[in-house]
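Asks: Fold the following, please.
(2 chains)
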Amino acid sequence: KNQVEQSPQSLIILEGKNCTLQCNYTVSPFSNLRWYKQDTGRGPVSLTIMTFSENTKSNGRYTATLDADTKQSSLHITASQLSDSASYICVVSAEGNAGNMLTFGGGTRLMVKP
Amino acid sequence: NAGVTQTPKFRVLKTGQSMTLLCAQDMNHEYMYWYRQDPGMGLRLIHYSVGEGTTAKGEVPDGYNVSRLKKQNFLLGLESAAPSQTSVYFCASSLRAYEQYFGPGTRLTVT
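Replies: Prediction:
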């Protein structure tokens, strides 16, 4: 069964600090991995998407890494801001054109305090 | 360009009542999805559609029905609501199996 595990479940950091969120997956055959940000009361919004051949991808202060051999990904947030407080969801897509090929992680809830 | 919209935003139902959630997208996307999100769990796929007039079951389809009569709309129906269907429901759309765009969600409580 395809699974995506995220850690930690929740995290509190001070504004300006860096943090790293982890995602481990057992999805096969692997197609791509996405990180989404979900603000409270809103739908998820895509931050990055990475394919098998990509190791690192940045989007402003967000940097995602992918190790396809160990089936691990991380999302690093630099110089955190209060607006980074949200849930971060790792989503792994299996190959295929059907609409049921996504496996969602449970998310990491990040709180940035002043 | 409104993206993906959902109505209603909130709803309280009594056990056994029925209702329909509406999802609309203006991006001309082929694929549309309905998910539910429960505390501590990842988004779970209820039903999805790969084109107008087509629907398919996802991971947790029991107790729900869907219809895709128009390309831009995807309806989710609950025929006889149960407390276990208390959840936040998200609709999403995508251009084929690429990045999904999510709506703002519908918070449903069944008492």
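Asks: Secondary structure element for the nearest residue to B:Met27 once chain neighbours are set aside, which one?
Replies: Spatially, and ignoring its direct neighbours in sequence, B:Met27 is nearest to B:Ser93 (6.4 Å; CB to CB, 6 or more residues apart in numbering or on different chains). (Glycine included, C-beta is placed from N, CA and C.) Assessed by DSSP states H and E, B:Ser93 sits inside strand B:87-94.
Asks: Show me what whichever strand or helix holds A:Arg34 pairs with in its sheet, parallel or antiparallel.
Replies: For A:Arg34, the enclosing helix or strand under DSSP H and E is strand A:30-38. Paired with strand A:30-38 in the same sheet, following DSSP bridges, are strand A:45-51 (antiparallel), strand A:86-94 (antiparallel).
Asks: Residues in contact with it: which ones?
Replies: With contacts defined as CB atoms under 8 Å, 6 or more residues apart in numbering or on different chains, strand A:30-38 is touched by A:23, A:25, A:44-52, A:62, A:64, A:66, A:68, A:71, A:73, A:75, A:86-96, A:101, A:107, B:99.
Asks: Selecting buried members of those residues in PyMOL, what would you type?
Replies: The PyMOL selection below is limited to those of the contacts of strand A:30-38 classed as buried (16 or more other CB atoms under 10 Å in any protein chain shown):
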select buried, chain A and resi 23+25+44+46+47+48+49+50+62+64+66+68+71+73+75+86+87+88+89+90+91+92+93+94+101+107
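Asks: and the most centrally placed residue in chain B, which of the three is it?
Replies: Geometric centre of chain B, nearest residue: B:Trp34, 3.1 Å, by CA atoms, centre = their mean. Per DSSP: H, G, I helix; E, B strand; the rest coil, the secondary structure class of B:Trp34 is strand.
Asks: Contacts for stretch A:87-95, please.
Replies: By CB under 8 Å, 6+ apart, stretch A:87-95 touches A:2, A:4, A:6, A:21, A:23, A:25, A:27-38, A:40, A:44, A:47, A:73, A:75, A:101-105, A:107-110, B:42-43, B:97.
Asks: cool, stretch A:72-86 as well?
Replies: A:13-25, A:33, A:35, A:37-40, A:47-48, A:50, A:61-67, A:88, A:90, A:109-112, A:114.
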